[in-house]
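> Please find the sequence and the predicted model below.
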Amino acid sequence: MSTFAEVVRSRARDERVGLRFEERSWTWAQVVAEGARRAAWLRRAGVRHVGLLLENVPDHVFWIVAAALEGAVVVGINPTRRGAGLARDIRHTDCEVVVTETRLAGLLDGIDHGASVVNVDSELNRLPEHADLPSVSPEPDRTLLLLFSSGSTGAPKAVICSQGRLGALAESLAVRTELTRDSVSYLCMPLFHGNSAMMNLAPAMHVGSTVCLARKFSASGFARDIHRYGVTFVNYVGRTLAYVLARPETEADRRSTLRLAVGTEASPADAERFAERFGCRVSEGYGMTEGVLRINRTADSPPDSLGLPVGGLDVRVLREDTGTECPPGVFDEHGRLSNAEEAIGQIVALGEAAAFEGYYNNPEAQAERVRGEDFWTGDLAYRDAYGFFYFAGRTADRLRVDGENFAAASVERILQRWEPVEAVAVYPVPDPRTGDQVMCALQVRGEFDPAAFADFLGAQPDLGTKWLPRFVRITGEIPLTASNKTAKTPLRHAAWRTEDPVYHRRGAELRYDRFTAEDLHRWESAFATHARTALLPG
């Protein structure tokens, strides 16, 4: 099949249950029929770009199907965005209509997004009762999805995914996920990100298996739903497995139907514990919404490595300043990387720039990734002497917290509003289990008041839910480069190991306390527990 529209059409007469949500279910034929009704509405209204401000509800799937059939474009809108940032995302992607639901509609109130709004809870009477499938299928190069990623420019950027690309992924990832006609997948990661659409929905539709939707991820509801639906496959990102493991184990867990979990950024310890608890396999890998390359674990991959590039691609680790290849990592007797300054660089796919479909209406962001014939990922890594890749975080201007990518500049603009701030730098530091934590360095007038800072953060309407700083470093002067730009590299490398006062947020409560020697020991011990000591600051 050459397009995702053809994948959809292949299910038009399939009476197998394709979608389940809470107490309801739809056959694949009904899913396609619902998509056809919405495709007819898009055609009649002349809408080409439709934004989806929805959680994982059935309508999210129906509108993706509709866009595939009609040759329209679906924009996945992140509901953790707020205010002007949310309005910018909608305008940047030329959304003519935003489809939302009552519980999220209030996010659109009072912001200049420029689109009309359709509420699926109250306005679906606009849809025709029945509609035939469109007579013509879209071309493979027609854009289908715009999926927001992020970069050092500060504003999120919309990754283009064509009909042909999603159609090809539906087939190839059906192999990666081992989905068959009898599989039951659990889709709890957000559909507005590429992971769930590409790693779960598309391959499930390709093989005609059953997808069970969860409105959003819930650690307490995860095991319940696995047992309730008889789930065999789940996709995950970031700390998902850690959150599940923090819940009490039940006798039913070891009798689970779960067979495979595929995702990225779980710690080796969490992956092993999850596999033991649910009697399944956990398969880690590295990929991007932008596509281009994947790195998957092999049978002989070291436990804490990403593995090797898929398909024989020439993927290397290059220095960001010179473009030369970094030497292999050198490890001490404790397995800790001892030459991080030389070994860590950016993951680059040589000769693969043409495989990138691009960012929508964003040539500056495109230039960050495409350099000649090579594709620069923006992600940091190092390799051992045998060529295995190890993830080392992201560049100083990009962060990934709990599976969400965002730009440091977006957080910096908010922190600069605090009246005592003279200068600010936001940068990623490693999390003991997976991904990043947000750290900021503040140059302030007078004494730093942690309670006032917390009150300020709590009052910012456009502060994303993942953007709250975990660590706050109070410094007399933020370092600068020779060209008077903020020098984040030394800040990132030092992280919380500094003579400057450091405050941290211990849990979910919005409160900052001094980071003590006892806190330091507890925090860094967790890196050893999860086999991530190589990421500790030097």
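Happy to help now that I have it. Numbers count the residues shown, from 1 in each chain.
> hey, let's count contacts and neighbours off CA atoms from now on
Fine.
> ok, now which ones touch the residue lying closest to Thr143 once chain neighbours are set aside?
Excluding the flanking residues, the one nearest Thr143 by Cα to Cα, 6 or more residues apart in numbering is Ser162, at 4.1 Å. Taking Cα atoms under 8 Å, 6 or more residues apart in numbering, we find Ser162 in contact with Pro140, Asp141, Arg142, Thr143, Leu144, Leu145, Glu357.
> Inside strands: which ones of those?
Under the assignment DSSP state E, those contribute Thr143, Leu144, Leu145 to strands.
> from those residues, which would you call buried?
Thr143, Leu144, Leu145 (16 or more other Cα atoms under 10 Å).
> and those as a markdown table, adding pLDDT and distance to Ala223?
Output for those, formatted as a markdown table (pLDDT from 0 to 100; distance: Cα to Cα, whole Å):
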| residue | pLDDT | distance to Ala223 |
| --- | --- | --- |
| Thr143 | 98 | 36 |
| Leu144 | 98 | 33 |
| Leu145 | 98 | 31 |
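> If we only consider these, which is nearest to Val74?
Leu145 (5.0 Å; Cα to Cα).
> show me the contacts for that closest one.
Per Cα under 8 Å, 6+ apart, neighbours of Leu145: Val73, Val74, Val75, Gly76, Val159, Ile160, Cys161, Ser162.
> Could you check which helix or strand contains the second one?
Secondary-structure assignment from DSSP states H and E places Val74 in strand 73-76.
> What's the first helix or strand after that strand?
helix 83-92.
> what does that next one contact?
Under the contact criterion Cα under 8 Å, 6+ apart, helix 83-92 has outside partners 51, 77-78, 107-108, 111-115, 156, 361, 461-462.
> between these, which is nearest Ala495?
Pro156 (24.9 Å).
> For Glu342, list the residues it contacts.
By Cα under 8 Å, 6+ apart, the residues touching Glu342 are Cys326, Pro327.
> Just say helix, strand or coil for it.
helix (DSSP: H, G, I helix; E, B strand; the rest coil).
> Got the confidence number for it?
Listed pLDDT for Glu342 reads 87.
> just His521 next, same as before
We have a pLDDT of 95 for His521.
> Remind me which helix or strand it belongs to.
Using DSSP H and E, His521 falls in helix 517-529.
> For that helix, what is the distance to the chain centroid?
What separates the centre of helix 517-529 from the centre of its chain is 27 Å, taken as Cα atoms, centre = their mean, to the nearest Å.
> Next: stretch 97-112.
On Cα atoms, centre = their mean, the centre of stretch 97-112 falls 22 Å from that of its chain.
> domains in the protein, as residue ranges please.
Residue ranges for each domain of the chain read 4-216, 309-394, 398-535, as given by automatic domain parsing.
> Select, out of those, the one closest to Asp270.
Closest to Asp270 of these, according to Cα to Cα: domain 398-535, at 7.3 Å.
> What about Glu368, how many residues nearby?
Number of residues near Glu368 (other Cα atoms under 10 Å) recorded here: 15.
> is it true that Thr377 touches Val348?
Yes. Using Cα atoms under 8 Å, Thr377 is in contact with Val348, at 6.0 Å.
> Could you check which of those two has the larger neighbour count?
Per other Cα under 10 Å, whichever of Thr377 and Val348 has more neighbours is Val348, with 28 against 21.
> List the pairing partners of the helix or strand harbouring that one within its sheet, with orientation.
Taking DSSP H and E as the definition, one finds Val348 inside strand 345-349. The strands beside strand 345-349 in its sheet (DSSP bridges) come out as strand 315-318 (antiparallel), strand 374-383 (antiparallel).
> Quick one: mean pLDDT over that strand.
Mean pLDDT, computed over strand 345-349, is 94.
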